[in-house]
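Participant: Need coordinates for the following:
(chains A and B)
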There are 2 protein chains.
Amino acid sequence: MASNNHFFEGAEKLLEVWFLRTEDGQDLRDIAREDWEEVLKTVRCQIISTMKNDSQDAYLLSESSMFVSDRRFILKTCGTTLLHNALPLMLDLAKKKCGFHVVEDIFYSRKNFMRPELQHNMHRSFEEEVIILEKLFEDGAAYCLGRMNGDCWYLYTTNNPDSSKPGQAEPDQTLEILMMDLEPDAMKLFHKNSIDPAEIAKLSGIADLEPGTIIDDFLFEPCGYSMNGLLPDGAYMNIHVTPEKDFSYASFETNVSKKSYANLVKRVLNVFKPGRFVMTLFANMTSEVYPGDSTFEDKIFDYQRQDWQASKFSNYYLTFCNYAKVKTKPS
Amino acid sequence: MASNNHFFEGAEKLLEVWFLRTEDGQDLRDIAREDWEEVLKTVRCQIISTMKNDSQDAYLLSESSMFVSDRRFILKTCGTTLLHNALPLMLDLAKKKCGFHVVEDIFYSRKNFMRPELQHNMHRSFEEEVIILEKLFEDGAAYCLGRMNGDCWYLYTTNNPDSSKPGQAEPDQTLEILMMDLEPDAMKLFHKNSIDPAEIAKLSGIADLEPGTIIDDFLFEPCGYSMNGLLPDGAYMNIHVTPEKDFSYASFETNVSKKSYANLVKRVLNVFKPGRFVMTLFANMTSEVYPGDSTFEDKIFDYQRQDWQASKFSNYYLTFCNYAKVKTKPS
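Facilitator: Residues are numbered from 1 along each chain as shown, chains lettered A, B, ... in the order given. Next up is the predicted model:
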């Protein structure tokens, strides 16, 4: 376990909000950088770097990432940040600056923290986080996937099969791989001074995860690594690495569309070599991966699937699995 | 909500334990009634009535039911009973009286309580219950199915895909329907003095749920109803009804083997007419219902499925759903 002297909570709080377009031309990218900076100040993180393409703006943050497209907002922050502070401000900006009045879908999720007691009250327990979300959203449902007495993953999302919201569901899918107990040798790259920062993506294999990815990355002092990637057709990728042995953690997230993620998953595992990992896949019915079963094999390399859970929501099919290296019995 | 003056927690704590047979002739039914009475005393319930057939002994309890077969033990208790007290005593009896040393599978489950604050410490939260179970079992995994901010259902079970236990998996399946907001008219039958107790099963439709069921039932003073049913081939059924309007609850459980439970579910709903219900189905791979999808349609009568979740465990496939009556919008 982590020492009391030095600890960093790598596990991110992840928020994704989709707005319902009611007028032509509504676009969250009309919100000015200064406005986003005000929002992020309340979360306690800063913008380190930005890049953009036709479909979205990607912000590399001092604690993780933010992606803004016409009607979708993604904010992911790690450590002891106060992500929930962003919500009312962001909803207000979307309304005032872009005329977005209706939230079509919201997803708030995170893995269980290694040290929840170090979080601020607002994020110390999922129950507390849900109480805050329930003040802002209707039809929100809170779930715990995986093991309450092991690795689990919390989700709050709008889910009301009774209401027939119009919806504007283009194909959408999100894969997340949350990795723990990373191999120390593989982590050497993510420490300052050991390597030319510009080479990390290449040497680690991150640059080759998905061909055509434009990368914006950052190596922290004395260690830690963040990367945003932009791909064609509105796809993104992000990676965040906490390499310290006592509390190592790395996350991979992408919405790139694929029929199966089996090979991409293997490439990611080859970069970080975790001892165990949690994997989630959201797929809506028009996505080409739907429902996504082939991504979650019984065994991947020498990892044995420990849990498989699936959930149907109003607009999405979710699969959750966790994997751990098979323990070889002493002979 | 329930008034402070009178409340009864209908939702049961349900324990099912399977032992691994290591010698011929091992049989939990060799345990004497006096021994079970000692166990049940610590749980704070008594035996009201018993019946048996070739494959199992069924005990009707002051708070729900107990079923004992050669290597399977089921204890289900409602109210503020202390089910966890039974566990070490039962494991000890199984060892001393029958030579059962190895637990093959354990399932502890319950719906979230309406008023958890009225439970004794041991059962006030699922987290607390799990801590107690972890002292007794290895490889136990704790789950929360359904909505943490609504109707949910907790499960603790052995689940370790890494370990290759021998197992003696005959076909096995368990269906549970946990019903809330029962129609007051349908509840009249389950009050004393309104009807001849011997007629309840017939008049309510309970006697016709499954042909060939031998019934042992009891009507409580002033209200409340419990029923054990025995069927051929090791099958059982039990029903428990808390009819009071402010906190009405009824449970149905059976392990009768079927290709689909869709029709049986409809017969049960017709008896109790709930406003909403939770339904779970465990099916192992040799059961004829496996995996059980046809039991969980999008709509059943005018009930809309609110959640669908599935989980794969070492030996079982579990489906969890909750349903609620579609709210008709005021015109």
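
Participant: only C-alpha atoms for contact and neighbour calcs from this point on.
Facilitator: Noted.

Participant: how about the longest helix along chain A: buried residues?
Facilitator: Secondary structure assigned by DSSP state H gives helix A:86-98 as the longest helix of chain A. Under the neighbour-count criterion of 16 or more other C-alpha atoms under 10 Å in any protein chain shown, helix A:86-98 has A:Ala86, A:Leu87, A:Leu89, A:Met90, A:Leu91, A:Leu93, A:Ala94, A:Cys98 buried.

Participant: Among those residues, pick out the one closest to chain B, please.
Facilitator: A:Leu87 (19.8 Å; C-alpha to the nearest C-alpha).

Participant: Show the contacting residues for that closest one.
Facilitator: Neighbour list for A:Leu87: empty [criterion: C-alpha atoms under 8 Å, 6 or more residues apart in numbering or on different chains].

Participant: now swap in A:Arg124 and tell me
Facilitator: Per C-alpha under 8 Å, 6+ apart, neighbours of A:Arg124: A:Pro116, A:Glu117, A:Leu118.

Participant: How about the secondary structure of the second one?
Facilitator: With DSSP: H, G, I helix; E, B strand; the rest coil as the basis, the three-state label of A:Glu117 is helix.

Participant: Report the separation between it and A:Arg124.
Facilitator: Distance from A:Glu117 to A:Arg124, counting by C-alpha to C-alpha, to the nearest Å: 6 Å.

Participant: again with the first one
Facilitator: Remark: distance between A:Pro116 and A:Arg124 (C-alpha to C-alpha) = 5 Å.

Participant: Contacts for whichever strand or helix holds A:Leu203 next, please.
Facilitator: Element membership of A:Leu203 [criterion: DSSP states H and E] is helix A:200-204. By C-alpha under 8 Å, 6+ apart, the residues outside helix A:200-204 that reach it are A:Ala186, A:Leu189, A:Phe190, A:Ile206, A:Ala207, A:Asp208, A:Val271.

Participant: Could you do stretch A:95-112 as well?
Facilitator: Residues outside stretch A:95-112 that contact it (C-alpha under 8 Å, 6+ apart) are A:11-22, A:26-28, A:30-31, A:94, A:151-158, A:165, A:167, A:178.

Participant: Flag every residue of the stretch 1-150 of chain A that's near chain B.
Facilitator: A:Ala141, A:Ala142, A:Tyr143, A:Cys144, A:Leu145, A:Gly146, A:Arg147, A:Met148, A:Asn149, A:Gly150 (C-alpha under 8 Å from any C-alpha of the partner chain).

Participant: In terms of secondary structure, what does the helix or strand A:Ile239 falls within contact?
Facilitator: Using DSSP H and E, A:Ile239 sits in strand A:236-242. Where contact means 3 or more C-alpha pairs under 8 Å, 6 or more residues apart in numbering or on different chains; DSSP states H and E, strand A:236-242 is packed against strand A:225-230, strand A:249-254.

Participant: Go through the last one and flag the buried ones.
Facilitator: Within strand A:249-254, the residues scored as buried using 16+ other C-alpha under 10 Å are A:Tyr249, A:Ala250, A:Ser251, A:Phe252, A:Glu253, A:Thr254.

Participant: Is the fourth one bridged to anything, and to what?
Facilitator: Following DSSP bridges, A:Phe252 is listed with bridge partners A:Ile177, A:Ile239.

Participant: With B:Arg29 as the reference, measure out to it.
Facilitator: Going from A:Phe252 to B:Arg29 by C-alpha to C-alpha gives 54 Å.

Participant: residues near the nearest residue to A:Ala11 once chain neighbours are set aside, how many?
Facilitator: The shortest distance from A:Ala11 to any non-neighbouring residue, by C-alpha to C-alpha, 6 or more residues apart in numbering or on different chains, is to A:Cys78 (5.8 Å). Neighbours of A:Cys78 under the rule other C-alpha atoms under 10 Å in any protein chain shown: 23.

Participant: which ones are touching A:Cys78?
Facilitator: By C-alpha under 8 Å, 6+ apart, the residues touching A:Cys78 are A:Glu9, A:Gly10, A:Ala11, A:Glu12, A:Lys13, A:Glu63, A:Ser64.

Participant: A:Glu288 now?
Facilitator: If you count contacts by C-alpha under 8 Å, 6+ apart, A:Glu288 has them with A:Pro171, A:Ser257, A:Lys258, A:Lys259.

Participant: Specify the local secondary structure of it.
Facilitator: Put simply, A:Glu288 is coil when judged by three-state DSSP.
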